[in-house]
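**Student:** Got a sequence here, can you model it:
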Amino acid sequence: MTIYVVPNNKGFWLNDDKPEGGVAISDELHRMLLMGECEGKSINWQTSPPSLQDPQIKADAVTERAWRNAALITPCAIRDRHRDEQELFRSTTLSPERYVELLNYIQTLRDWPQLGAFPDSGQRPMPPTWLTEHL
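**Tutor:** Sure, this is the predicted structure:
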């Protein structure tokens, strides 16, 4: 049985009838490409024959920085309110523990672009669970 790759369809054709645009590849290359996908690599269909490449991070750094900048607005406003309450000698909305949690979250957002997971949107810093109470 002959194995063909059909780059336009980004797939394999396991048949003796050559598909339109198909290019024959060896069994060894076919196995290598499939094993590479199982190991987290992706197939580069732009090369002839197809080859393996490291997966590309789908999130764009510019987009993730914009998300981070927007995500800083609410916690910074809550932090500012807490500071104002302290300076006016009023009771504070946040407990001291929550205030520290908030400061840690803000710092994590600031540090995120320098971390190895950036710009993977699935690895965004998570806000404290109680933060939605103060929106």
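**Student:** Got the domain ranges for the chain?
**Tutor:** The chain breaks down by automatic domain parsing into domains covering 3-53, 61-134.
**Student:** ok now the first one, how far from the chain's centre?
**Tutor:** For domain 3-53, the separation from the chain centroid amounts to 27 Å (computed by C-alpha atoms, centre = their mean, to the nearest Å).
**Student:** What of the longest one?
**Tutor:** Averaged C-alpha coordinates place domain 61-134 at 20 Å from its chain's average position (C-alpha atoms, centre = their mean).
**Student:** where does this protein have low pLDDT?
**Tutor:** The chain contains residues with pLDDT under 70 at 56-59.
**Student:** Please enumerate the helices of it.
**Tutor:** Taking DSSP state H as the test, the helices found in the chain are 27-38, 61-87, 96-111.
**Student:** could you dump the last one to PDB, C-alpha only?
**Tutor:** It stands for helix 96-111. The C-alpha coordinates for helix 96-111 follow below in PDB (Å, rounded to 0.1, in the frame of the first residue of the first chain):
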ATOM      1  CA  PRO A  96      -5.300  42.900  55.700                       C
ATOM      2  CA  GLU A  97      -5.000  39.300  54.400                       C
ATOM      3  CA  ARG A  98      -7.100  40.100  51.300                       C
ATOM      4  CA  TYR A  99      -5.100  43.300  50.700                       C
ATOM      5  CA  VAL A 100      -1.900  41.300  50.600                       C
ATOM      6  CA  GLU A 101      -3.500  38.700  48.300                       C
ATOM      7  CA  LEU A 102      -4.600  41.600  46.000                       C
ATOM      8  CA  LEU A 103      -1.000  43.100  46.000                       C
ATOM      9  CA  ASN A 104       0.400  39.600  45.100                       C
ATOM     10  CA  TYR A 105      -2.100  39.300  42.300                       C
ATOM     11  CA  ILE A 106      -1.200  42.700  40.900                       C
ATOM     12  CA  GLN A 107       2.500  41.800  41.100                       C
ATOM     13  CA  THR A 108       1.900  38.500  39.400                       C
ATOM     14  CA  LEU A 109       0.200  40.300  36.500                       C
ATOM     15  CA  ARG A 110       3.100  42.700  36.200                       C
ATOM     16  CA  ASP A 111       5.600  39.900  36.200                       C
END
